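Visitor: curious how this folds, go ahead:
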Amino acid sequence: MPPLPVKTLEGNLSAAGKRFGIVVSRFNEFITERLLRSAYDGLLRSGATTKNIGIVRVPGAFEIPLAARKLAETGKYDSIICLGCLLRGDTAHYDVIVNEVTRGIGQSAQETGVPHAFGVLTCENLEQAIDRAGLKMGNKGLEAALAAVEMANLEKAVVGRSSLAHSKGKTRKKTGGVHRSSKAKSKS
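Guide: Residues are numbered from 1 along each chain as shown. A predicted model of the protein is given here:
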């Protein structure tokens, strides 16, 4: 296909100089450890250093959004990687947890302005989870890490191209992980 006639912005896959927080669930640890190791390796291979990667372990997937938000609010991380594994059972519990984890991670990313990569497996059974954690279908931990790297770099590409951000002489402050214009009024 011929390229589009419009310039597009994309983040690159260089993690050099970027800081990443990884939140990983201990529940279904057989799977989540595979996701974590692959995500960690992907960050290192993309140029991140071990000192710029923080890992937080939480009991289960339900706790991932709160821990991710706390990390994002520190302002220390360019992107947060959320890793977990949910397996469908015989009750509606799975659907409730999947919905809350998904909503919570998305809400944290939107409200803090820090990209969150979704590496929480939602599988029908253990076989599907194993396949997504490094066997037949690649490793979703690695995919989440690469998405986190790209999104961490996308902000720079967008801000660097924004005529609005530079034309009016506004500077940006980072407050609690949220980027705000220096002319924005505080609601506190």
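Visitor: C-alpha from now on. contacts and neighbour counts both.
Guide: Will do.
Visitor: avg pLDDT for the longest helix belonging to the chain?
Guide: In the chain, with assignment by DSSP state H, the single longest helix is helix 140-161. Taken as a whole, helix 140-161 has an average pLDDT of 90.
Visitor: which elements pack onto that helix?
Guide: For helix 140-161, the packing partners by 3 or more Cα pairs under 8 Å, 6 or more residues apart in numbering; DSSP states H and E come out as helix 29-45, strand 79-87, strand 116-123.
Visitor: if we use 10 Å, what do you get?
Guide: strand 20-25, helix 29-45, strand 79-87, strand 116-123, helix 126-132, helix 163-167 (3 or more Cα pairs under 10 Å, 6 or more residues apart in numbering; DSSP states H and E).
Visitor: identify whichever of those lies nearest to G138.
Guide: helix 126-132 (5.9 Å; Cα to Cα).
Visitor: which of the helices and strands packed on helix 140-161 comes out lowest on mean pLDDT?
Guide: Among those, helix 163-167 scores lowest, at a mean of 42.
Visitor: any idea how far G11 is from T50?
Guide: From T50 across to G11, the span is 21 Å (Cα to Cα, to the nearest Å).
Visitor: neighbour count: these two, which is higher?
Guide: Ranked by neighbour count (other Cα atoms under 10 Å), T50 and G11 place G11 first, with 17 against 12.
Visitor: how close does the more buried one get to L87?
Guide: G11 is 32 Å from L87, by Cα to Cα.
Visitor: same thing with G104?
Guide: 18 Å.
Visitor: ok, D41 next?
Guide: From D41 across to L87, the span is 25 Å (Cα to Cα).
Visitor: repeat that for E143.
Guide: In terms of Cα to Cα, E143 sits 20 Å off from L87.
Visitor: with V101 instead?
Guide: Applying Cα to Cα to V101 and L87 gives a distance of 13 Å.
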